[in-house]
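Chemist: turn this into a structure:
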Amino acid sequence: NGIIYMPSYTKTLKIYSLNCETGEVGSFTPSKPKTGGFMGGFGHIWGAATDKKGDIYMPPALNSSVAKIDKNGLFKYLDGALVTSGISGFNVKYVGATYVESVNKGFCLPRTGKKILIIDCVDDSYEEIDLPADYLKVANKNKNFNGFLAPDGWLYSAFWADTKCFRVNPLT
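Modeler: Numbering: from 1, shown residues only. As a prediction, this is how the structure comes out:
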């Protein structure tokens, strides 16, 4: 819709926006997730990806709900199981999202978690899949900061404090 949305990594979960046509800057504070117990009350989101329809998906950093802003600017949390990334407490789950058009899905790689979050942009469903056990044995707690889709079609992790890069085949 010509607007860039930027989540702030704060407990208040303020979403800033920039209208690319007018240069107007705005912000709004959506409601916090109603699920997830104590940690569900934290609104932290760190990163987002836009699908081919213009809908924006935002994985949870500290809370347990996947957020979405549709192409009309309507914010909501997706229905589904609590997102855990295989960790608990004040550990950052996900720090970004990468949209892969060939499969119409968003992939969220973990910061301190042990799972990859995959969002199906067709029906807004999502699932978490485990990272391989052999990788987790040698991985740093702070694994990566985001993922990047390479020309070979694979999604590669971007190092945070880890010394290991991993890749994901979005087709499989």
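Chemist: counting by contacts, list what the helix of greatest length in the chain packs against.
Modeler: Longest helix in the chain, counting residues (DSSP state H): helix 133-138. Helix 133-138 sits against no helix or strand, with contacts defined as 3 or more CB pairs under 8 Å, 6 or more residues apart in numbering; DSSP states H and E. All C-beta atoms are positioned from the backbone trio N, CA, C, and that covers glycine.
Chemist: go through that helix and flag the buried ones.
Modeler: Neighbour-count burial for helix 133-138, counted by 16 or more other CB atoms under 10 Å, picks out no residue.
Chemist: can you tell me what sits against it?
Modeler: Taking contacts as CB atoms under 8 Å, 6 or more residues apart in numbering, the residues outside helix 133-138 that touch it are 114, 164, 166.
Chemist: per-residue pLDDT of residue 41, please?
Modeler: Listed pLDDT for residue 41 reads 63.
Chemist: quick check: next helix or strand after the longest helix of the chain?
Modeler: strand 144-149 (DSSP states H and E).
Chemist: returning to what we had before: what is the rounded mean pLDDT of the longest helix of the chain?
Modeler: Helix 133-138 shows a mean pLDDT of 91.
Chemist: how far out from the middle of the chain is that helix?
Modeler: The chain centre lies 22 Å from the centre of helix 133-138; the measure is CA atoms, centre = their mean, to the nearest Å.
Chemist: with just CA atoms, put it into CSV.
Modeler: Once non-C-alpha atoms are left out, helix 133-138 reads as follows in CSV (Å, rounded to 0.1, in the frame of the first residue of the first chain):
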residue,chain,number,x,y,z
ALA,A,133,20.4,-31.9,16.6
ASP,A,134,24.0,-32.0,15.2
TYR,A,135,23.8,-28.2,14.6
LEU,A,136,22.4,-27.5,18.0
LYS,A,137,25.3,-29.4,19.6
VAL,A,138,27.8,-26.9,18.2
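Chemist: OK, contacts around the residue lying closest to residue 75 once chain neighbours are set aside?
Modeler: Nearest non-adjacent residue to residue 75, counting by CB to CB, 6 or more residues apart in numbering: residue 30, 4.4 Å away. Taking CB under 8 Å, 6+ apart as the contact definition, residue 30 lies against 13, 15, 43, 67, 75.
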